[in-house]
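# Got a predicted structure plus its sequence, pasted below:
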Amino acid sequence: MSSVTILYMMKKLQRDFYLRDVNLIARDLLGKILVHESDEGIASGVIVETEAYKGPEDKAAHTYNNRRTSRTEIQFREGGYAYVYMIYGMYFCFNVTANLPNMPEAVLIRALEPLDGVDLMKGRRKTDKLKNLCSGPGKLCAALGINKEDNGEDLCGGKIYILDGGKRKLKIKTSPRINIDYAEEYKNFLWRYFIEGNEFVS
């Protein structure tokens, strides 16, 4: 049975999964499968690393102090939408919006374990190194073909979505988030989640 067939046998996460506290979602997303269906084909990967950004109170969040801009507007809707933005003028980052309307929280997907469409991902990333395909937020967006046009995409729809991935025991570790030294005391919060021992973690 092909991996594509297996994907279609899995249950897509529904809206209620996303209407919760961002840290619960960040932890629960580990082991789930992120899928992007494009004209080029299907690409997917198991989520192995996330970071939670807790909205208005979080000095590392784009919506700190309820900052509302054209870029962050999508976070003020109910959870379950794609929040995609560019960093360093060249890399995209994919986030999952969380919680209820006007509670702007988001989970950054930091790394995936490649699953389906590996050849497609290698072509997009111009590398044959499997471990390097999706081991970082910019890398996974390039591999899956996710860009700014996907900002605001409904994750309960049919283009970009997340599958349950089935039940399996995961050893989850936490740490401070990466590259947020500007966030004062929030830089020390243990809001990064990853699967211990997974070789695809960034």
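Right, received. Where do you want to start?
# make it CA atoms for all contacts and neighbour counts henceforth
Will do.
# Just name the shakiest helix or strand of this protein by mean pLDDT.
Lowest mean confidence among the helices and strands of the chain (mean pLDDT, DSSP states H and E): helix 3-9, at a mean of 56.
# The next helix or strand after it: which residues count as buried?
Tracing the chain past helix 3-9, the next element assigned as helix or strand by DSSP states H and E is helix 15-18. Neighbour counts over helix 15-18 (16 or more other Cα atoms under 10 Å) mark 15, 17, 18 as buried.
# Grab the CA positions of the next helix or strand along the chain from helix 15-18 and hand them over as CSV.
Per DSSP H and E, helix 15-18 leads on to helix 22-28 as the next helix or strand towards the C-terminus. The C-alpha trace of helix 22-28 is given here as CSV (Å, rounded to 0.1, in the frame of the first residue of the first chain):
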residue,chain,number,x,y,z
VAL,A,22,-1.4,27.0,22.2
ASN,A,23,0.9,25.0,24.5
LEU,A,24,-1.5,22.0,24.5
ILE,A,25,-1.7,22.2,20.7
ALA,A,26,2.1,22.5,20.3
ARG,A,27,2.6,19.3,22.3
ASP,A,28,-0.3,17.4,20.7
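# can you offset everything so residue one is 35?
Sure, I'll start counting at 35 from here, so that last one is helix 56-62.
# What is helix 56-62 packed up against?
Under the contact definition 3 or more Cα pairs under 8 Å, 6 or more residues apart in numbering; DSSP states H and E, helix 56-62 sits against strand 75-87, strand 139-150.
# got the ones you listed as CSV, with mean pLDDT and distance to residue 227 columns?
Shown next, in CSV, are the helices and strands packed on helix 56-62 (pLDDT from 0 to 100; distance: least, Cα to Cα, whole Å):
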stretch, mean pLDDT, distance to residue 227
strand 75-87, 97, 5
strand 139-150, 97, 9
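# The ones you listed: which one's closest to residue 126?
Closest to residue 126 of the helices and strands packed on helix 56-62, according to Cα to Cα: strand 139-150, at 11.1 Å.
# and the angle for that closest one with strand 75-87?
Orientation check (axes from the mean of the first three to the mean of the last three Cα atoms, to 10 degrees): strand 139-150 against strand 75-87 gives 150 degrees.
# Pull the residues that contact the helix or strand that strand 139-150 is followed by.
Next helix or strand after strand 139-150 toward the C-terminus (DSSP H and E): helix 152-159. If you take Cα atoms under 8 Å, 6 or more residues apart in numbering as the criterion, helix 152-159 is touched by 74, 75, 77, 162, 163, 164, 167, 173, 176, 177, 178, 179.
# in the sheet, who's paired with the most centrally placed residue in the chain?
Against the mean C-alpha coordinate of the chain, by Cα atoms, centre = their mean, the closest residue is residue 143 at 2.6 Å. Beta-bridge partners recorded for residue 143 (DSSP bridges): residue 84.
# From residue 99, how far out is it?
Residue 143 sits 23 Å away from residue 99, going by Cα to Cα, to the nearest Å.
# same deal with residue 141?
Residue 141 sits 17 Å away from residue 99, taking Cα to Cα as the criterion.
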